[in-house]
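Visitor: Starting from these lines, generate the structure:
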Amino acid sequence: MTTALAWDDFRLVKAISDQRGLTLAAERLGINHSTAFRRLGQIEAALRTPLFERHRTGYVPTPAAEEMARIAARMEEDVLAFTRRIESEGLSPAGELRVTTAASLLTGLLTPILAAFCARCPEVRLDVVVSEQALNLAKGDADVALRATNDPPDTLVGRRLATIAWAVYGRGDRDPDRSPRWVSPAPRLGAAAAARYVQERSRPEQVVLRLDTVQGLADAVEAGIGIGPLPCVIGDRRPGLVRLSGPEPELDAGLWLLTHPDLRRAARVRAFLDFVGAAIARERDLIEGRAQVQRQVQRVADPVRLQRTETISTS
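Guide: Next up is the predicted model:
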């Protein structure tokens, strides 16, 4: 007798395989743990074969589960491709649009642009996913991404809107003759260049705080915990901060607006890309560190002098 399996059965097995456990898989699917446990037992009973080996470290898929996960992945891709083709035939911008970006870009740049877009296209409902990690647009995690990167995925289409300039900032009332303390991005933030920049210009004991969000980094500098690198679009807008350097080319990052190729002709996506692209173009001077800010770029008069540690005097 042939065992009948439902699409949701394949989704569950794939989620457990991806997450290596029931709890996270259940959260991903929007069901509770007991439901996931019961459904997995029913699937294994129907197939008369175990799908996972249960270990203390998690669920390890058997060959049967791995095959079900591959089938589920192909099914997801087919469903997404079909949905995108249908949506791309719409003539007027309407419906839900999921946008992903980092918290620093949302609060420092994108929020007023989103407000203007909502007024221009009231039939589009925005769902903004804030994440420091790049979401997978190919799997439908988002429709559009505004990302700071120098290496956008080849699977996406879009354009580079600007270059995000970074400089070193500190409080305007700091003592320039005092040996500086630094705050640094954590390498896991995705700002590895900025973390390396601080490491090369400071001694280990001078780095008093590491943070995994750019927004937190800016707050720490503004609180006077230390000096640190920040995007000019954030640092220049904080009246309590001054630049301690000019824009540092080694910290430059591209600002990309990206979408999946199947979605670029969808009316709501096309409207968003055009509107946001034009709005950000008007902010390029600020993003690229050329804005005329009413403050003086201070010269760092301490032993660091923003040079690499090889030239730092320890006296």
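Visitor: Now do the helices in the stretch 151-300 of the chain.
Guide: 192-200, 214-222, 232-235, 267-281, 284-287 (DSSP state H, counting those that start in this stretch).
Visitor: got the angle for the second one vs helix 192-200?
Guide: Our comparison of helix 214-222 with helix 192-200, counting by axes from the mean of the first three to the mean of the last three Cα atoms, to 10 degrees, yields an angle of 30 degrees.
Visitor: Would you mark the buried spots in helix 214-222?
Guide: For helix 214-222, the neighbour count (16 or more other Cβ atoms under 10 Å) marks Val214, Gln215, Gly216, Leu217, Ala218, Ala220, Val221, Glu222 as buried. Using the backbone N, CA and C atoms, a C-beta is placed for each residue, glycine as well.
Visitor: and it, what does it pack onto?
Guide: Contacts defined by 3 or more Cβ pairs under 8 Å, 6 or more residues apart in numbering; DSSP states H and E place helix 214-222 against helix 103-105, strand 166-171, strand 182-185, strand 207-211, strand 228-231, helix 232-235, strand 241-243.
Visitor: Can you give me the end-to-end span of stretch 253-272?
Guide: End-to-end distance for stretch 253-272: 22 Å, by Cα to Cα, to the nearest Å.
Visitor: how about that stretch: buried residues?
Guide: Buried residues in stretch 253-272, defined by neighbour count with 16+ other Cβ under 10 Å: 253-260, 262-264, 266-272.
Visitor: looking only at pLDDT, what's the mean for that stretch?
Guide: Taken as a whole, stretch 253-272 has an average pLDDT of 90.
Visitor: Not including adjacent chain positions, what is the nearest residue to Ile280?
Guide: The shortest distance from Ile280 to any non-neighbouring residue, by Cβ to Cβ, 6 or more residues apart in numbering, is to Leu161 (4.7 Å).
Visitor: Surely that neighbour touches Leu255?
Guide: Yes - the pair Leu161 / Leu255 is scored as a contact, 4.9 Å apart, by Cβ atoms under 8 Å.
Visitor: hey, what's in contact with both of these two?
Guide: Listed contacts common to Leu161 and Leu255 are Ile280; contacts here mean Cβ atoms under 8 Å, 6 or more residues apart in numbering.
Visitor: need the strands for the chain, in chain order.
Guide: With DSSP state E applied, the chain shows strands at 52-55, 58-61, 95-101, 124-130, 144-148, 157-164, 166-171, 182-185, 207-211, 228-231, 241-243, 253-259, listed in chain order.
Visitor: C-alpha coordinates for the second one, CSV please?
Guide: Included here for strand 58-61 are C-alpha records, laid out as CSV according to Å, rounded to 0.1, in the frame of the first residue of the first chain:
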residue,chain,number,x,y,z
GLY,A,58,20.4,17.4,18.2
TYR,A,59,18.6,15.5,15.5
VAL,A,60,20.7,14.0,12.8
PRO,A,61,18.8,13.2,9.6
